[in-house]
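>>> Quick one, fold the following:
(one chain, ligands or ions: 1)
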Amino acid sequence: MSTLIHCDNLSKRFGSKTALANVSFSLQQGDVAALIGPNGAGKTTLFSILCGYLRADSGSVSLLGHKPGSSALCGLLAALPQDAQFDPAFSIGEQLDFYGRLQGLSHKAAKLETDRVLALVELSAQRKHKAAALSHGMRKRAAIAQAFIGSPRLVLLDEPTAGLDPAHALQIRQLISQLSSQLGSQVSFMISSHNIFELEQLCNKVLYLQQGQLSSPADNKDSDGAEQYLTLLLEQQADQPLLALLQQLPGLISVRPGQKNQLLLSYNSDQQPQFDLELLQCLAAHGYRYRNLIKGQTLEQKLFSAS
Ligand SMILES: Nc1ncnc2c1ncn2[C@@H]1O[C@H](COP(=O)(O)OP(=O)(O)OP(=O)(O)O)[C@@H](O)[C@H]1O
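You can find the predicted model right below:
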């Protein structure tokens with residue numbers, strides 16, 4: 001596996017504001033990495049440095065062995081900026097053709113490439129449409145299509161679901177997941193979001209930025225010690241009596257509410273190897289209904305158990 005991105009001690013200030021402070025990480029071929037952080041954490045600044053739009057004040061970056069902005073990266077690195085816009089005067093197809101030409105394709109090859117990427121995002125029928133005739137979700141898909149022109153080895157997507165309703169956000173996540181499994185380790189992704197739940201199923205690596213500083217959950221893997229994790233999705237929000245009941249379960253290490261009707265639990269599997277069964281029996285015995293029980297750590301557990 002080759003290293004696609006290597007950042008060492010990157011720092012960036014805007015006047016007195018520190019946007020990035022000594023950020024170091026690397027991304028390997030085939031990784032799908034989530035760059036998570038609240039508003040103002042420095043995600044766009046980091047993306048802008050990787051794309052060569054901004055220069056870091058100190059530290060070093062290499063992408064596929066080149067400096068950001070190097071012409072050697074043309075066609076190998078694709079980026080979807082957070083506020084990517086299409087020109088209202090031209091059709092989506094014409095603009096994608098143009099990007100293909102910028103990558104050095106002939107007129108004919110660029111058109112074929114546009115057909116291919118529009119099919120990838122299921123927008124072939126909209127080739128002749130202008131951006132104004134597309135929904136917000138369709139415009140995002142068209143912008144993602146642009147990132148797949150040519151054969152990029154590294155695709156940076158800055159908040160690809162920002163501003164979309166939950167159904168369209170899910171559609172975009174499914175599209176990215178489908179593209180990443182279709183293309184396998186040929187393409188690596190780095191996707192930013194302020195929502196840690198959104199990228200849960202999509203990414204194998206998490207970079208958590210807060211106030212310009214990066215913290216990585218230990219190895220981004222579940223711990224291999226005796227502590228195991230469960231996410232329980234209940235039919236309704238957990239009440240105090242349920243929490244009190246669960247706290248009595250032998251082997252329980254922690255239990256706390258997650259998103260919506262979720263409960264995040266950890267337990268000692270050496271002490272109680274059948275903890276999941278005990279948990280379900282306890283729920284049934286006391287009339288609590290649940291929808292799902294997932295083994296393993298959620299992103300939230302990984303991030304906050306590391307800090
Ligand atoms: N051009 C600029 N001039 C001054 N300050 C800036 C500039 N760009 C970013 N900043 C500041 O740097 C910090 C990081 O901003 P950045 O846009 O990278 O965060 P972000 O994580 O992408 O946020 P969001 O999720 O809101 O897009 C913020 O405090 C922001 O105000």
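
>>> and the chain, which residues reach the ligand?
14, 17, 19, 37, 39-45, 194 (CB under 6 Å from any ligand atom). C-beta coordinates here come from the backbone N, C-alpha and C atoms, glycine included.

>>> go again using 5 Å as the cut-off
14, 19, 39-45, 194 (CB under 5 Å from any ligand atom).

>>> Show me just the buried residues among the residues you listed.
19, 41-45, 194 (16 or more other CB atoms under 10 Å).

>>> related to what we said a few turns ago, max pairwise distance over the residues of the chain next to the ligand: which two?
14 and 194 (19.2 Å; CB to CB).

>>> related to what we said a few turns ago, just the ones of the residues of the chain next to the ligand in strands?
Counted as lying in strands by DSSP state E, out of these, are 14, 19.

>>> how would you label residue 287: helix, strand or coil?
Secondary structure of residue 287, reduced to three states by DSSP: H, G, I helix; E, B strand; the rest coil: coil.

>>> for residue 141, what are its contacts?
121-123, 171-172, 175 (CB atoms under 8 Å, 6 or more residues apart in numbering).

>>> repeat that for 7 Å
Contacts for residue 141 (CB atoms under 7 Å, 6 or more residues apart in numbering) come out as 121, 123, 172, 175.

>>> Tell me the helix or strand right after whichever strand or helix holds it.
Element membership of residue 141 [criterion: DSSP states H and E] is helix 136-147. Per DSSP H and E, helix 136-147 leads on to strand 154-158 as the next helix or strand towards the C-terminus.

>>> following that following strand, which helix or strand shows up next?
helix 166-183.

>>> where along the stretch 201-307 of the chain do the helices fall?
240-247, 275-285, 299-306 (DSSP state H, counting those that start in this stretch).

>>> so of those helices, which one's packed in deepest?
helix 299-306 (a mean of 18; mean count of other CB atoms under 10 Å).

>>> Name all residues that make contact with the residue nearest to residue 289 when sequence neighbours are not counted.
Nearest non-adjacent residue to residue 289, counting by CB to CB, 6 or more residues apart in numbering: residue 235, 4.2 Å away. Residues in contact with residue 235 (CB under 7 Å, 6+ apart) are 261, 289-291.

>>> Looking at those residues, which is nearest residue 282?
Set against residue 282, the nearest of those by CB to CB is residue 290 (10.8 Å).

>>> If you tally nearby residues, what's the number for that closest one?
By other CB atoms under 10 Å, the residues close to residue 290 number 16.

>>> what's around the spatially closest residue to it that is not a sequence neighbour, how many residues?
Nearest residue to residue 290, sequence neighbours excluded (CB to CB, 6+ apart): residue 234, at 5.1 Å. Neighbours of residue 234 under the rule other CB under 10 Å: 19.
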